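Enquirer: sequence below, structure please.
(chains A and B)
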Amino acid sequence: EPEVTQTPSHQVTQMGQEVILRCVPISNHLYFYWYRQILGQKVEFLVSFYNNEISEKSEIFDDQFSVERPDGSNFTLKIRSTKLEDSAMYFCASTIREGQGMMNTEAFFGQGTRLTVV
Amino acid sequence: KQEVTQIPAALSVPEGENLVLNCSFTDSAIYNLQWFRQDPGKGLTSLLLIQSSQREQTSGRLNASLDKSSGRSTLYIAASQPGDSATYLCAVRTSNSGYALNFGKGTSLLVTP
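Expert: Residues are numbered from 1 along each chain as shown, chains lettered A, B, ... in the order given. So this is what the prediction gives:
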């Protein structure tokens, strides 16, 4: 069964360092997302991405975050200068399509990358 | 702003029991509602998707219902098994949230042998 794949599963980084989290969405999906879950809290939306541009972003997704689809399969989240409060589980998700009148699509999530900022 | 609440926060039942998990949302203008399972330290596994025009969806021992007008969904698990132990998350996609899913905090379920 097709699945969303994320690497690495766990990353430890020092405060102020840049990290790149990687995702391979399901191959025929067109819409990609990043969510995060701080320990003990809700899963929160960060950003959605379609056709090589950001479709929507939350207030959490500030200038330290960026996303990219560098090739036909990978989707990345970059955090430029990590802070302690960036420690969380980051989830990548994908859907086959979206758009007005086509919102009834199932989102598939990866296994997550646990980011620990020390 | 859409708020999603799940009750109870935690639930412990003996194996074999039928159980109901509850999800409520404040804005009834939803496109769909999705139930997920999350094992400790793991990702989210999609269980069921209910579209806004549907009243319920079934998959194996799972049945999810949706009452949009009252802002509620329930996940019914029949004949629970220890392997069902996990956190169950409810998430809604709302017309004012674009493409984003709004999640509840989840119900942590423990099924004891």
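Enquirer: okay, now the unreliable bits of chain B?
Expert: B:97 (pLDDT under 70).
Enquirer: same check on chain A?
Expert: A:97-104.
Enquirer: mind redoing it with 90?
Expert: For chain A, the stretches flagged by pLDDT under 90 are A:1-2, A:27-31, A:50-51, A:70-73, A:95-106.
Enquirer: center of it, which residue is that?
Expert: residue A:34 (2.5 Å; Cα atoms, centre = their mean).
Enquirer: did I read that right, that residue in a strand?
Expert: Yes - under DSSP: H, G, I helix; E, B strand; the rest coil, residue A:34 falls within a strand.
Enquirer: thinking it is in contact with residue A:46, fair?
Expert: Yes - judged on Cβ atoms under 8 Å, residue A:34 makes contact with residue A:46 at a distance of 4.3 Å. All C-beta spots, glycine's among them, are computed from the backbone N, C-alpha and C.
Enquirer: what residues are up against the nearest residue to residue B:109 once chain neighbours are set aside?
Expert: Among residues not flanking residue B:109 along the chain, residue B:11 sits closest, at 5.2 Å (Cβ to Cβ, 6 or more residues apart in numbering or on different chains). With contact set as Cβ atoms under 8 Å, 6 or more residues apart in numbering or on different chains, residue B:11 has these partners: B:19, B:21, B:107, B:108, B:109, B:110.
Enquirer: what about 7 Å?
Expert: B:19, B:107, B:109 (Cβ atoms under 7 Å, 6 or more residues apart in numbering or on different chains).
Enquirer: give the buried residues for the host helix or strand of it.
Expert: Using DSSP states H and E, residue B:11 maps to strand B:10-14. For strand B:10-14, the neighbour count (16 or more other Cβ atoms under 10 Å in any protein chain shown) marks B:11, B:13 as buried.
Enquirer: would residue B:96 count as being in a helix?
Expert: Yes - Residue B:96 forms part of a helix when assessed by three-state DSSP.
Enquirer: contacts only, for it.
Expert: residue B:27.
Enquirer: quick check: it vs chain A, distance?
Expert: Using Cβ to the nearest Cβ, to the nearest Å, we find residue B:96 at a distance of 11 Å from chain A.
Enquirer: also residue B:64?
Expert: For residue B:64, the distance to chain A - Cβ to the nearest Cβ - is 13 Å.
Enquirer: in contact with that residue, which residues?
Expert: So residue B:64 contacts B:35, B:48, B:50, B:56, B:57, B:73, B:74, B:75 (Cβ under 7 Å, 6+ apart).
Enquirer: look up which residues are beta-bridged to it.
Expert: residue B:57, residue B:75 (DSSP bridges).
Enquirer: look up the residues forming beta bridges with residue A:44.
Expert: Applying DSSP bridges, one finds that residue A:44 bridges with residue A:36.
Enquirer: and it, how many neighbours?
Expert: 18 (other Cβ atoms under 10 Å in any protein chain shown).
Enquirer: which residues touch it?
Expert: Counting by Cβ under 7 Å, 6+ apart, residue A:44 has contacts A:35, A:36, A:58, A:60.
Enquirer: please tabulate those residues in TSV, including the columns neighbour count.
Expert: TSV is the format used below for those (neighbours: other Cβ atoms under 10 Å in any protein chain shown):
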residue	neighbour count
A:35	28
A:36	25
A:58	18
A:60	14
